[in-house]
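**Q** No letters, just coordinates:
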């Protein structure tokens, strides 16, 4: 995942969508932003366009890579963050909650470190029915639906401002691959991430659907289905 994050079509496309949604979230001038689960720091490249950004990650190698990109980053993990109450105007938490045994405490902790009326941008994988070897390889514990994320946000101090699926155009082919994989007759191999399925030469072509979706989202559209779910949450005052 660390090796793929700069060039792989999925990560590039997600960053494009994150930038669009951060524009809609509208952090104030001079905002202080947190990326909870920063990986190698690629999303911090986007966040610093909106203010002073810091990342946290439980993996020291990730933090070292983020710092090598010129970012402030620290080794830390949800649901216990080393920051004061209301320290940030906006936070991102991208494809992190599905890894955590206690996603409710994680969202509550993000609410604690976010200023009143501040925002949080969350992405998670969608639809338990799409559970596959990809989830097992990436140590996911669950996938989400809109109707499961809404009450989780409400219980942890957030109001939902926007909720949309994305990676919509690739939902059908991905679903076919995943469902077909359940019926293979060969012995089950070691779990393999789907990041390995597409050759680098196809990155540009496979990113095009996410480019189109980013344009739709910039116009305020909400996509009714998709491989991923995105929420903009607003901290209760």
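**A** It's in. Values in this document were obtained by computation on a predicted structure and should not be read as measured data.
**Q** residue nearest the centroid of the protein?
**A** By Cα atoms, centre = their mean, the chain has its centre lying nearest to residue 94, at 2.0 Å.
**Q** Bridge partners for it, pull those for me.
**A** Residue 94 has the following beta-bridge partners by DSSP bridges: residue 123.
**Q** My guess is it contacts residue 18. True?
**A** Yes: Residue 94 is within contact range of residue 18, at 6.9 Å (criterion: Cβ atoms under 8 Å). Any C-beta I mention is one placed from the backbone N, CA and C, and that applies to glycine too.
**Q** residues bridging contact with those two, i.e. touching both?
**A** Taking Cβ atoms under 8 Å, 6 or more residues apart in numbering as the criterion, residue 94 and residue 18 both touch 43, 121, 123.
**Q** neighbour-wise, which of the residues you listed leads?
**A** In terms of neighbours by other Cβ atoms under 10 Å, those top out with residue 43 at 27 neighbours.
**Q** How about the secondary structure of that residue?
**A** Three-state assignment for residue 43 (DSSP: H, G, I helix; E, B strand; the rest coil): helix.
**Q** list the contacts for it?
**A** Counting by Cβ under 8 Å, 6+ apart, residue 43 has contacts 15, 18, 35, 55, 92, 94.
**Q** before we move on, which element is the fourth one in?
**A** For residue 55, the enclosing helix or strand under DSSP states H and E is strand 51-57.
**Q** How about whichever helix or strand comes after that strand, which residues are buried there?
**A** With elements assigned by DSSP H and E, the helix or strand that comes after strand 51-57 is helix 60-68. Within helix 60-68, the residues scored as buried using 16 or more other Cβ atoms under 10 Å are 62-63, 65-66.
**Q** Could you do stretch 117-128 as well?
**A** Within stretch 117-128, the residues scored as buried using 16+ other Cβ under 10 Å are 118-127.
**Q** one step back: show me what the strand holding residue 55 is packed up against.
**A** strand 31-36, helix 42-47, helix 60-68, strand 72-75 (3 or more Cβ pairs under 8 Å, 6 or more residues apart in numbering; DSSP states H and E).
**Q** quick one, it and helix 60-68 angle?
**A** Relative orientation of strand 51-57 versus helix 60-68 (axes from the mean of the first three to the mean of the last three Cα atoms, to 10 degrees): 160 degrees.
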